[in-house]
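# Requesting a structural model of the entry that follows:
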Amino acid sequence: MTVYLVAQLKFTNVEAYRRYQANFPAVFREFDAKAIVADEEVKVLEGDWPRDKLVILSFPDEAEAQRFWASPEYLGIVQDRFDGAETTVVLAKGFVPKT
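Now for the predicted structure:
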């Protein structure tokens, strides 16, 4: 079942975040995944959204998402994200209609 990693970011140190962002593609391409959204100009239609960026990544299943999240390659760059943004990250299952 497809799963989505959804991250909401509030930048705290743009320089550190840009280092993370520059290194991310080389790490990410090693996994069976797709970047669906990476938007720093989200338009709020309803409610309050005090964030600077929304990211949605798609994985074929939870095992592949967890493999990415725990990989030595990702762990090698993630400190720049920690230093560069306050982030909320969730893993959500794709919608499967009931038959």
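# Go through this structure and flag its longest helix.
helix 14-28 (DSSP state H).
# which helices and strands does that one pack with?
Helices and strands touching helix 14-28, by 3 or more C-beta pairs under 8 Å, 6 or more residues apart in numbering; DSSP states H and E, are helix 78-84. Where C-beta positions appear, they are placed from N, C-alpha and C, glycine not excepted.
# what's in contact with the helix it packs on?
11-20, 23, 87 (C-beta atoms under 8 Å, 6 or more residues apart in numbering).
# Check stretch 26-42 too.
By C-beta under 8 Å, 6+ apart, stretch 26-42 touches 4, 49, 51-60, 64-65, 67-68, 71, 73-74, 76-77.
# follow-up on the earlier one: going by neighbour count, list what's buried in the longest helix of the chain.
16-17, 19-21, 23-24, 27-28 (16 or more other C-beta atoms under 10 Å).
# Reformat these as TSV; add pLDDT and distance to Lys43.
Below are those laid out as TSV (pLDDT from 0 to 100; distance: C-beta to C-beta, whole Å):
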residue	pLDDT	distance to Lys43
Ala16	98	26
Tyr17	98	21
Arg19	98	27
Tyr20	98	24
Gln21	97	21
Asn23	98	28
Phe24	97	24
Val27	96	29
Phe28	96	25
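# Show me the two of the residues you listed that sit farthest apart.
Farthest apart among those by C-beta to C-beta are Ala16 and Phe28. That separation is 18.2 Å.
# Contact partners for Asn13?
By C-beta under 8 Å, 6+ apart, the neighbours of Asn13 are 83-85.
# I would like a ChimeraX command selecting only the buried ones among the residues you listed, please.
Selecting only the buried entries of the contacts of Asn13 in ChimeraX, with 16+ other C-beta under 10 Å as the criterion:
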select :84,85
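# Just grab the bridge partners of Glu86 for me.
Residues in a beta bridge with Glu86, per DSSP bridges, are Lys10.
# ok, Ile77 - how many residues close by?
17 (other C-beta atoms under 10 Å).
# do Glu40 as well
For Glu40, using other C-beta under 10 Å, the count is 11.
# Let me know the angle separating the helix or strand encompassing Val6 from helix 14-28.
Assigned by DSSP states H and E, Val6 falls within strand 3-11. Strand 3-11 and helix 14-28 are oriented at 160 degrees to each other (axes from the mean of the first three to the mean of the last three C-alpha atoms, to 10 degrees).
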